[in-house]
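Build the 3D model from these lines:
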Amino acid sequence: MAPRIPKHETFLRHPTEVRAEEVRVLLPGYLADRIGVEGLSEGFREGPGGWIWEGTGDCVLRVLSLVVRASRLTVTVAPEGSRPEFMLAAEGDVRFAHSVRGVGSLAEGLHFLLLRDDRSLEK
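Numbering: from 1, shown residues only. Model (predicted):
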């Protein structure tokens, strides 16, 4: 059974694409079996704060409706049962595309992008 995605995790619930030179992503543990990663890597290893995947080259992360493409990608998956929030930090020639109910946003040529949960949607 697919996990219930909380309303505040907007960037995981609606089509979102991020492209950048370097991206770091923190994901809640309940999504561990929904993560797909591609790129040159040794695979996931245990590290501080959870499981860590680091890749170089043409890296791609897919998790639910989020797609991330980067030359350097670090994905940290928090331990199951912990309550971290989704967070993404992208640097270097960033492109961001996001769509909610047919209304899209596009930003290109950014130096830095930070995406986080929006807990105000939980009310």
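
going forward, measure contacts and count neighbours with C-alpha atoms only.
Fine.

Distance of residue 95 relative to residue 69?
Going from residue 95 to residue 69 by CA to CA, to the nearest Å gives 10 Å.

Mutual contacts of these two, please.
Common neighbours of residue 95 and residue 69 (criterion: CA atoms under 8 Å, 6 or more residues apart in numbering): 17-20.

Name the residues linked to the nearest residue to residue 108 once chain neighbours are set aside by a beta bridge.
Take residue 108 and drop its neighbours on the chain: the residue closest to it by CA to CA, 6 or more residues apart in numbering is residue 95, 4.3 Å away. Under DSSP bridges, the beta-bridge partners of residue 95 are residue 19, residue 108.

how far away is residue 95 from residue 80?
Going from residue 95 to residue 80 by CA to CA gives 31 Å.

More neighbours: these two, which one.
More crowded of residue 95 and residue 80, by other CA atoms under 10 Å: residue 95, with 21 against 13.

That one contacts residue 109, correct?
Yes. At 6.2 Å, residue 95 and residue 109 qualify as touching, with contact defined as CA atoms under 8 Å.
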